[in-house]
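A.B. asks: Sequence plus predicted model, see below.
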Amino acid sequence: DAKTTQPNSMESNEEEPVHLPCNHSTISGTDYIHWYRQLPSQGPEYVIHGLTSNVNNRMASLAIAEDRKSSTLILHRATLRDAAVYYCIPRGGNQFYFGTGTSLTVIP
Amino acid sequence: GAVVSQHPSWVICKSGTSVKIECRSLDFQATTMFWYRQFPKQSLMLMATSNEGSKATYEQGVEKDKFLINHASLTLSTLTVTSAHPEDSSFYICSARPPGLAEGYEQYFGPGTRLTVT
């Protein structure tokens, strides 16, 4: 499974966009890139996933580099409820292997 | 969206006893469920893959005889921590995958069970 590198922590002001980067340089060609987030004392919550093309949903956008070695999760307007640990997970088989993630702090 | 529940949400047990944690998929059938463990300030660690009607597949370093997994139906998987010790105190999280999805499927996670062994 591909290893990931994410910043340990990031801060954002409320209602501003947030770009959360993830490096996955050893990703295989068929690995999907998943993003999940976890609030304290809760199970992870699905955010978005993609393979090659950029993806949008109601929660976020996912920008995938052309060489697929990195991706960026974009929260268009951060709210206090977006404060969480964000995990980037390249997935090839059934299993999800979580890295250390990025702890996002949203400043009011 | 699909819902996964866990029971109990928290449990305290004495050292040497066993404790069972249930994971249920409420609105879909799950042929495959997964169990994770998370220590404070750390990431989730995959413990095992639970397949309905067959033996679980454990990740390297996870003791099969200590963490018993049973997936007897398409909506229920159980994790039993046998002879629990204080070092087993952790946040246990399950997830489930609806069957029949194409590649790139997402998993649905339960809310977690906080186990404290005294």
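C.D. replies: It's in.
A.B. asks: Quick one: residues contacting the closest residue to chain A within chain B.
C.D. replies: Relative to chain A, the nearest point of chain B is B:Phe109 (3.6 Å; Cβ to the nearest Cβ). Glycine gets a C-beta too; all of them are placed from N, C-alpha and C. B:Phe109 is in contact with A:36, A:43-45, B:4, B:93-95, counting by Cβ atoms under 8 Å, 6 or more residues apart in numbering or on different chains.
A.B. asks: what's the helix or strand for the residue nearest in space to the middle of chain B?
C.D. replies: By Cα atoms, centre = their mean, chain B has its centre lying nearest to B:Trp35, at 3.3 Å. Applying DSSP states H and E as the criterion places B:Trp35 in strand B:32-38.
A.B. asks: gap between whatever helix or strand comes next after that strand and the chain center?
C.D. replies: Elements were assigned by DSSP H and E; along the chain past strand B:32-38, the next helix or strand is strand B:44-51. Computed by Cα atoms, centre = their mean, to the nearest Å, the chain-centroid distance of strand B:44-51 equals 7 Å.
A.B. asks: coming back round to it: just the residues contacting the strand holding B:Trp35, thanks.
C.D. replies: A:94-96, A:98, B:23, B:25, B:44-52, B:67, B:69, B:71, B:77, B:79, B:90-97, B:99, B:107, B:112.
A.B. asks: Pull up the pairing partners for it, direction included.
C.D. replies: Here strand B:32-38 is paired, per DSSP bridges, with strand B:44-51 (antiparallel), strand B:90-97 (antiparallel).
A.B. asks: Just the buried ones from the contacts of strand B:32-38, in PyMOL syntax?
C.D. replies: Listed next is the PyMOL selection for buried residues among the contacts of strand B:32-38, using 16 or more other Cβ atoms under 10 Å in any protein chain shown:
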select buried, (chain A and resi 95+96+98) or (chain B and resi 23+25+44+45+46+47+48+49+50+51+52+67+69+71+77+79+90+91+92+93+94+95+96+97+107+112)
